[in-house]
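> Turn this into a model:
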Amino acid sequence: MLGQKIASFIYKRILGWKYDIKTPDFDKYIICAAPHTSNWDFIIGKLFYKAIGRKTYFMMKSDWFFFPFGLVFRWMGGIPVNRGKRNSLVEQMVEKISQADKITLAITPEGTRSANPNWKKGFYYIAMNAGIPIALYGIDYKSKTIVSDKVIYPSGDLEKDMTEIKQYFTRFHGKHPENFAI
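Sure thing, here's the model as predicted:
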């Protein structure tokens, strides 16, 4: 797989990043990735996932899916979503997940690259309503490592589960640590 070898070379040799992944590659799951403090997080994350031979999807505002950009975003794993008031993003994603045989959806719960202690909870509700696990992936710029060694199965107790999820990410350092808030 040529694309995987090129991505691995760039990720490991050129950029000097590593990974330590202990969570399973489920057929369907949410990747909760944090800290998200830079646009580089997307590039590092996509290179990493390609380097390990997996495909990941991400949500993106449907307005961006016009020709020719729509073709590129879909090729990269972009899923167009309509964020209008009458459309439930959670329901859209649960339906998409139920229709797929295999899907990995990467979400940054902070919802911004600025410090935001009020994380978005849509990823949690998507996982809970779809009946799939959430794998926690920490992006650590200090050690240049992506780490995943914890899986959360949504219990329905949002406050308890979100506390556990946020606690997990306290050990990671974003590219701009001042922009990360729990």
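
> Neighbouring strands - and their directions - for the helix or strand containing Y29?
Element membership for Y29, per DSSP states H and E: strand 28-34. With DSSP bridges as the test, strand 28-34 is paired with strand 103-107 (parallel), strand 134-140 (parallel).

> who are the neighbours in contact with the residue minimising distance to the centre of the chain?
By C-alpha atoms, centre = their mean, the chain has its centre lying nearest to A106, at 2.4 Å. Neighbour list for A106: I30, I31, A33, G45, Y49, T56, Y57, F58, Y137 [criterion: C-beta atoms under 8 Å, 6 or more residues apart in numbering]. To be clear about C-beta, it is placed using only N, CA and C from the backbone, and glycine gets the same treatment.

> Report all helices and strands that the next helix or strand after the strand holding Y29 contacts.
For strand 28-34, the succeeding helix or strand toward the C-terminus, using DSSP H and E, is helix 40-51. Judged by 3 or more C-beta pairs under 8 Å, 6 or more residues apart in numbering; DSSP states H and E, the packing partners of helix 40-51 are helix 2-8, strand 103-107, strand 134-140, strand 145-152.

> Redo the ones you listed as TSV? Include mean pLDDT and distance to P24.
Below are the helices and strands packed on helix 40-51 laid out as TSV (pLDDT from 0 to 100; distance: least, C-beta to C-beta, whole Å):
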stretch	mean pLDDT	distance to P24
helix 2-8	89	19
strand 103-107	94	11
strand 134-140	97	8
strand 145-152	97	8
